[in-house]
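Sequence and predicted model, in that order:
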Amino acid sequence: MKTSKSILPLKLDNVSFEAGGKRLIKDMTCTFEAGPRTVIIGPNGAGKSLFLRICHGLLEPSEGKVIWQNAEQIDPRLHQAMVFQRPVMLRRSVSANVDYALKLRNVPKPERLQLIDESLSRTGLGRHRNRPARVLSFGEQQKLALARAWALRPQILFLDEPTASLDPAATHSVEEIVQAIHERGTRIIMTTHDLGQARRMADDVMFLNRGRLLERAPAKQFFDEPANDLARAFVRGELLWWTLGKDNKRNQGQPRTE
Amino acid sequence: MDDFSSAIMAAVSMVIRLDPHLTEIVALSLKVSLGAVAIAAIIGLPLGAAVALFRFPGRKGLVVMLNALMGLPPVVVGLIVYLMISRAGPLGVFGLLFTPAAMITAQVILVTPIIAALARQVVEDLWIEYEDQLRSLGASPSRALPTLLWDGRFALITAVLAGFGRASAEVGAVMIVGGNIDHVTRVMTTAIALEVSKGDLSLALGLGLILLTLSTAVNGAVFLIKDMAERRHA
């Protein structure tokens, strides 16, 4: 698990993804250097989750390439982690859930015990360590998903709307944990619908709409002066929709805002 | 009505007296059925999980076959096993015919498809829920297989119980390969069939009641254990 080699930067070269005859991600080219936190925003169906899954290797792009640095020497899959919108907990104890992830990466037992202790205490789950994971509240389960990611010490962590169903207190806890993981040197790429969260968490913002990357900019610049008209409308909280064109085909219409 | 009440009386009397003949039949029945279910579970659970997780040519055909084999006619299985282990058969050298081992073999063939088909469905449903997370953590289908069997253990208990139900109620196959030999291969179902043919309906009904009670007890005990464990793990 420990390596001196970095899998970053991550490069996407003209990546497209097609399913059911529809192109859901279109011609995406971008680079993620080590360091800043990138927040991906956009309306429903923009392709945010798909984009994360393609980067993480859960989906193969239909066209284009996902390129990790040093991929010939180290397995990039072993140096990344992902936290999903709905945490999936195994039917075992809190500590066993973390242990399972570490076992899959062949971490020796003494190191596993240390990482379990550390990750559970840093996420505030130490007192729950022997409880079955599935009896935890939704917010605690999300923290456990982060603890599992913490223990893996990934170089890059993908977060797919990790606070989508959480109350403000739980959201705050999750954001603090994500920040702590970032401060330890992990590259963060997360999606969110919450513009407030994007302002709090982002160093760098990507705006996606209908499978295309329409704008990428440093957070301050993006929120103060978005260059793209749809991004500007989205930041203002306006509703985005598409008018129907001829033959009732949406892609023939023009994007409109209200 | 008289038959029924006298059957209950006979059954209760035999149980209270711990009738040695009855005890022997019940013990052998449990040994054969539980033994067959244990072996079928060892084969069927990983087989069902593997069919659920791996993609290979002919997988759909295998799924259809597993489902179809759930309805295997016991007498046909009994006949095939008989032909295989009879003295002239390819496995005749082992001398298994008319032994409890032959009965267990026949029941394993009957029960394995039931457990495998039900396990496949359970694991497939679980894989839909777990796939992204397990793949994200780096689990290949072969590493995910034991994880999903363990996490699906409560639902899989029902699959094993369905197998036990089939094994304990089965008469055709064990009759053919076991021969219903007194003190050797006589189990409750074959004993019931014999007593009916002899006209001793009371004893047959009494054995039937004991069989029902045992089956209910095993199912009830497993249900309670499953319920308690499920509540603990939410």
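In hand now; what should we look at? Note that the structure is a prediction, hence the values are computed from the model and not measured.

for chain B, what are the nearby residues on chain A?
Remark: the part of chain A in contact with chain B comprises A:53, A:56, A:58, A:77-78, A:81-82, A:84, A:88, A:90-92, A:100-101, A:104-105, A:132, A:134-135, A:148, A:152, using CB under 8 Å from any CB of the partner chain. To be clear about C-beta, it is placed using only N, CA and C from the backbone, and glycine gets the same treatment.

One more pass at 7 Å, please.
If contact is defined as CB under 7 Å from any CB of the partner chain, the residues of chain A in contact with chain B are A:56, A:58, A:77-78, A:81-82, A:84, A:88, A:90-91, A:101, A:104-105, A:132, A:134-135.

Between the residues you listed, which sits nearest B:Val177?
Proximity of the residues of chain A next to chain B to B:Val177, judged by CB to CB, is greatest for A:Arg91, which lies at 39.5 Å.

picking that back up, so of the residues of chain A next to chain B, which ones are in helices?
With helices taken from DSSP state H, the overlap with the residues of chain A next to chain B comprises A:His56, A:Ala101, A:Leu104.

ok, and the most crowded of those residues?
Taking other CB atoms under 10 Å in any protein chain shown to define a neighbour, the member of those with the most is A:Ala101, carrying 27 neighbours.

and chain B, which residues reach chain A?
Counting by CB under 7 Å from any CB, chain B comes close to chain A at B:129-130, B:132-133, B:135-139, B:143, B:147, B:151, B:232-234.

helix or strand for A:Phe222, which one?
With secondary structure defined by DSSP states H and E, A:Phe222 is part of helix A:219-224.

can you give me the offset of the very next helix or strand once past that helix from its chain's centre?
If you walk from helix A:219-224 toward the C-terminus, the next helix or strand you reach (DSSP H and E) is helix A:229-235. Its chain's C-alpha centre and that of helix A:229-235 lie 22 Å apart, by CA atoms, centre = their mean, to the nearest Å.

Show me which residues of helix A:229-235 are buried.
For helix A:229-235, the buried set under the neighbour-count rule, 16 or more other CB atoms under 10 Å in any protein chain shown, comprises A:Leu230, A:Ala231, A:Arg232, A:Ala233, A:Phe234, A:Val235.

then it to PDB, C-alphas only?
Listed in PDB are the C-alpha atoms of helix A:229-235, where the atom choice follows Å, rounded to 0.1, in the frame of the first residue of the first chain:
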ATOM      1  CA  ASP A 229     -23.700  31.100 -19.400                       C
ATOM      2  CA  LEU A 230     -25.200  27.900 -18.100                       C
ATOM      3  CA  ALA A 231     -22.700  27.800 -15.200                       C
ATOM      4  CA  ARG A 232     -23.500  31.400 -14.400                       C
ATOM      5  CA  ALA A 233     -27.200  30.500 -14.300                       C
ATOM      6  CA  PHE A 234     -26.500  27.400 -12.200                       C
ATOM      7  CA  VAL A 235     -24.500  29.400  -9.600                       C
END
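
nearest residue to B:Val63 other than its sequence neighbours?
B:Val51 (6.2 Å; CB to CB, 6 or more residues apart in numbering or on different chains).

B:Val32 too?
In space, and not counting its chain neighbours, B:Val32 is closest to B:Met103: 4.9 Å by CB to CB, 6+ apart.

again, but for A:Asp13
Spatial nearest neighbour of A:Asp13, chain neighbours left out: A:Lys65 (4.6 Å); criterion: CB to CB, 6+ apart.

Now do B:Leu96, the pLDDT please.
According to the model's per-residue confidence, B:Leu96 sits at a pLDDT of 95.

need the contact list for it.
Residues counted as contacts of B:Leu96 (CB atoms under 7 Å, 6 or more residues apart in numbering or on different chains) are B:Ile85, B:Ala102.

Now do the phi/psi pair for it.
Note on B:Leu96: its backbone torsions stand at phi -90, psi -20 [degrees, to the nearest 10].

Likewise for B:Ala50?
Per degrees, to the nearest 10, the residue geometry at B:Ala50, taken as phi and psi, is phi -60, psi -40.

Strands of the stretch 51-200 of chain A, residue ranges please.
A:63-68, A:80-83, A:156-160, A:187-191 (DSSP state E, counting those that start in this stretch).

nearest to B:Val76, of the ones you listed?
In this view, the strands of the stretch 51-200 of chain A are compared for proximity to B:Val76 by CB to CB, and strand A:80-83 is the closest at 50.5 Å.

Please work out the average pLDDT along the closest one.
The predicted model assigns strand A:80-83 a mean pLDDT of 97.

The residue nearest to B:Leu203 when sequence neighbours are not counted and chain A, how far apart?
Distance criterion CB to CB, 6+ apart; nearest residue to B:Leu203, sequence neighbours excluded, is B:Glu195 at 4.7 Å. For B:Glu195, the distance to chain A (CB to the nearest CB, to the nearest Å) stands at 46 Å.

B:Gly220 too?
Summarising the geometry, the distance separating B:Gly220 from chain A, computed by CB to the nearest CB, is 23 Å.

tell me the pLDDT at that residue?
Among the per-residue scores, B:Gly220 holds a pLDDT of 90.

Going by neighbour count, which residues in the host helix or strand of it are buried?
Assigned by DSSP H and E, B:Gly220 belongs to helix B:201-233. Of the residues in helix B:201-233, those scored as buried under the neighbour-count criterion (16+ other CB under 10 Å) are B:201-211, B:214-215, B:218, B:226, B:233.
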